[in-house]
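A.B. asks: Sequence first, predicted model second:
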Amino acid sequence: PVGFHLKHIAGVIARLTTTAETGETTEQQRAAALAEREHGPSDATTAALVAAVEQAVGTALERLRRTDPARVYEPREVGRLKLPSTMIGMMFHAAEHSQRHCGQLLVTTRVVRERAGR
């Protein structure tokens, strides 16, 4: 469960900020989204998962820096349902969705530690 949140945070940031910038996600990002849902053992280390989140945040910040303020209200479509949004709406959603999963990650980590007697 802890690994899921870390993978999902990195993936959501990457997908939403890519969509904000370009209007669509990549095939690789769509495949990664499906892989995030898989449960079970993973060979990814905590350090690698944290590094992926850090990289996603760094890339998102760079995208935000190079965004022309005149474009932030350009329309964008979200997900398979193609829900209407804007470039800035996508970036905002990436931040708030990631924040929610950070909270869930902290709760999950605490529960796991308490069950392990730490």
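C.D. replies: Okay, I see it.

A.B. asks: gap between the residue nearest to residue 16 when sequence neighbours are not counted and residue 110?
C.D. replies: Closest residue in space to residue 16, ignoring its immediate chain neighbours: residue 94 at 3.7 Å, by C-beta to C-beta, 6 or more residues apart in numbering. Bear in mind the C-beta positions are built from the backbone N, C-alpha and C, glycine included. For residue 94, the distance to residue 110 equals 25 Å [C-beta to C-beta, to the nearest Å].

A.B. asks: what packs against the helix or strand bottoming out on mean pLDDT in the chain?
C.D. replies: Least confident helix or strand, the chain: helix 27-36 with a mean of 87, by mean pLDDT, DSSP states H and E. Counting contacts by 3 or more C-beta pairs under 8 Å, 6 or more residues apart in numbering; DSSP states H and E, helix 27-36 packs against helix 2-22.

A.B. asks: mean confidence for the helix it packs on?
C.D. replies: Here helix 2-22 scores 93 as its mean pLDDT.

A.B. asks: Could I get the buried residue list for that helix?
C.D. replies: Within helix 2-22, the residues scored as buried using 16 or more other C-beta atoms under 10 Å are 3-21.
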